[in-house]
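Trainee: From the sequence below, what's the structure:
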Amino acid sequence: MRVCLMVMSALLGVVHGVVVLKEASYLRLPNRNGQYVVNSRTARESAYDDTRSYLYVVGRDTAMLHVISLANPADPQEVYTHNFDTAADGRPLDVELCRASGVTPTLAITFDGQDSVTFEGHLVLYNLFESNTDTLTPLNPTDPRIIVGAHPDNMKFTSDCRRLVVSNEGEPRVVEGTFYDPEGTVSVITFSTTPGAIPVVTTIDFKKFDDPNELIPLLDQGVRYWLRRDPNDATKIIQFSQNVEPEYVAISPSNGFAYITLQENNAMARVDLENAVITSIYPMGNKSWESLSIDASDRDNGIVMASRKIRSLYQPDKVVFFTWTDNIPYLVTTDEGRPTNIPGVSFQDYSRATSLTWNVDDSVLDSQLNSNPDLGRLYVSNVDGFDVTPNVPYAFGGRGFSIWNTQSMTRTWESGDELERYSRQYYPDTFNGNCASFSQTPVQEMDARSTWMGPEPNSVAVGNFNGKSVMVIGSGRNGMLYVYSLQPTVNNPAPEFQSVHRAGAIDATWQTLYAREDMGDAIISDIKFSSVGTPLVIVTSEASGSIGVYTLADETWPPRTLDDHSLEDSQE
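Mentor: The predicted structure is shown next:
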């Protein structure tokens, strides 16, 4: 027992002053009819203007823009809403803004394409709000659209506002029974220093990687090419340039390069912005769970974390830059995972482990893969790991986050099984929880995502607080916010766990909690960190359609002692 308690103390750390999140305010956003409806998805991506304290939020499903004043973080006020014309504009996917010397302050919003032939998306540039009497006005009202690629899912401005980099995901889709997989591309919009000049759009494709001489080395390194033929017609080849799906963008501090996650492909692309070329595609690798603990089942009578002889694909989602004391730019990625299901066709790249035929040389592993309380319920890839004997089971997602040195493109730190462990210890009632059935309580959906990607980290923001670099990691489904700090005395950035926070109650159904405005951050989709003035962490969440505003503090933590359940878990 003493050994178990020592292990627990080492993991939890002595109760001491650490960086914690403090709830400042919470604001639900209405749908386009002005109604407050649970899971209306009225909040998806956000952009924050530190200068004017305005938060811009777009909702894809509601096709809306919300402008919220955070002049008083304790009392946010929605000052403006705009309903987009979905027939004409499509649905908004992302929103970004930029202020820089000598450049018109600009708001950009991307829209999915409505053309069923080209699937071209577009973006529109708008004037920023300078006061709450402003309205949404395009910079170029006579010809506002800038055409980009298919499904422009994310974008980032360079810090000087001279370029805007757009990742065009090119998601596969079915239109009137016909399968399409548009190319994944990157659009670079370059703005002229001449007032009134039309921006220049350069769209970069991945066609050079269709060449076997380029493609085969990538595949050998672990880059995924998961859909190679039309699901409706096996004679039609899907090229790698169609299968590649650019996701989230990070711009280097020098503004010379963009790094873009290719989540489904388990890779990252590096784009030379000066020469408008993709210089490299880096494999993100896979993770062994033999020396780590994972909960892989929702039928194991609660929380059971154990080592397993399986691997998982990191498949990072969001990515951000930070610079450390060695002046080397680093990236942090949220290793969410992304199994793929294409509506309208019978294609998915995942299956329950117990439904597949395995050729493994380990009798224990073979038994676990066919046992629901062990690995049988886990969703694993049905396209990876079967080209070798013995087969290798690959789950989806790293269930954590990683630090990358961009000079060597090596992973210098990875969070292991920490997110699941801290969730288990501090919020066991919502461990690996879901938010899918709104007639159920959060407790009833506890453990539901263990068979998928566990804590499912999908958002990250980095900022400064009291002389420390602080990272906030958002858990996509269960509403957990993990706080880590980077110690300035350490040469290589190694994040140290500070605290974990979950807003909202668990004593009623999601529907009731929403009506009580006590749903918390349900299905976090974006996080912004403002270090200007009083540091703020701003959390945008889809299912709760909400904005959670947090301040930071150095406080004694944890706020409560371990319960018996957590103590039992430590004795596995």
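Trainee: low-scoring stretches of the protein, by residue?
Mentor: Applying pLDDT under 70 to the chain flags the ranges 1-16, 116, 489-490, 560-572.
Trainee: ok, 80 please
Mentor: For the chain, the stretches flagged by pLDDT under 80 are 1-16, 114-118, 194-196, 325-326, 487-492, 559-572.
Trainee: Name whatever forms a beta bridge with the closest residue to E45 other than its chain neighbours.
Mentor: Taking Cβ to Cβ, 6 or more residues apart in numbering, and ignoring the residues beside it in sequence, E45 has D94 as its nearest neighbour in space, at 4.8 Å. For the C-beta atoms, the positions are set from N, CA and C on the backbone; glycine is no exception. With DSSP bridges as the criterion, D94 is bridged to T110.
Trainee: Surely D94 and N154 touch.
Mentor: Yes - with contact defined as Cβ atoms under 8 Å, D94 reaches N154; the gap is 5.2 Å.
Trainee: before we move on, the earlier item: ok, the residue nearest to E45 - how many residues close by?
Mentor: Using other Cβ atoms under 10 Å, D94 is surrounded by 25 other residues.
Trainee: Report the contact partners of it.
Mentor: Taking Cβ atoms under 8 Å, 6 or more residues apart in numbering, we find D94 in contact with E45, V58, I109, T110, P152, D153, N154, M155.
Trainee: Can you report phi and psi for A88?
Mentor: Here is the backbone geometry of A88 (degrees, to the nearest 10): phi -90, psi -40.
Trainee: Now do the same contact list for it.
Mentor: Q114.
Trainee: any idea how far the residue nearest to E45 is from T110?
Mentor: 5 Å (Cβ to Cβ, to the nearest Å).
Trainee: what is in contact with those two at once?
Mentor: With contacts taken as Cβ under 8 Å, 6+ apart, the residues that reach both D94 and T110 are P152, D153, N154, M155.
Trainee: mind putting those residues in a markdown table, neighbour count, distance to R308 and secondary structure included?
Mentor: Converted to a markdown table, the shared contacts of D94 and T110 look like this (neighbours: other Cβ atoms under 10 Å; distance: Cβ to Cβ, whole Å; DSSP: H, G, I helix; E, B strand; the rest coil):
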| residue | neighbour count | distance to R308 | secondary structure |
| --- | --- | --- | --- |
| P152 | 30 | 38 | strand |
| D153 | 26 | 32 | strand |
| N154 | 24 | 33 | strand |
| M155 | 25 | 38 | strand |
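Trainee: Now the two most distant members of the residues you listed.
Mentor: Distances among the shared contacts of D94 and T110 were taken as Cβ to Cβ; the most separated pair is D153 and M155, at 8.5 Å.
Trainee: shared neighbours, the two?
Mentor: Common neighbours of D153 and M155 are listed as D94, T110, S167 (criterion: Cβ under 8 Å, 6+ apart).
Trainee: List the contacts of the residue nearest the centre of the chain.
Mentor: By Cα atoms, centre = their mean, the chain has its centre lying nearest to N458, at 2.9 Å. Contacts for N458 were tallied using Cβ under 8 Å, 6+ apart; they are D317, K318, T334, E336, G474, S475, G476, I524, S525.
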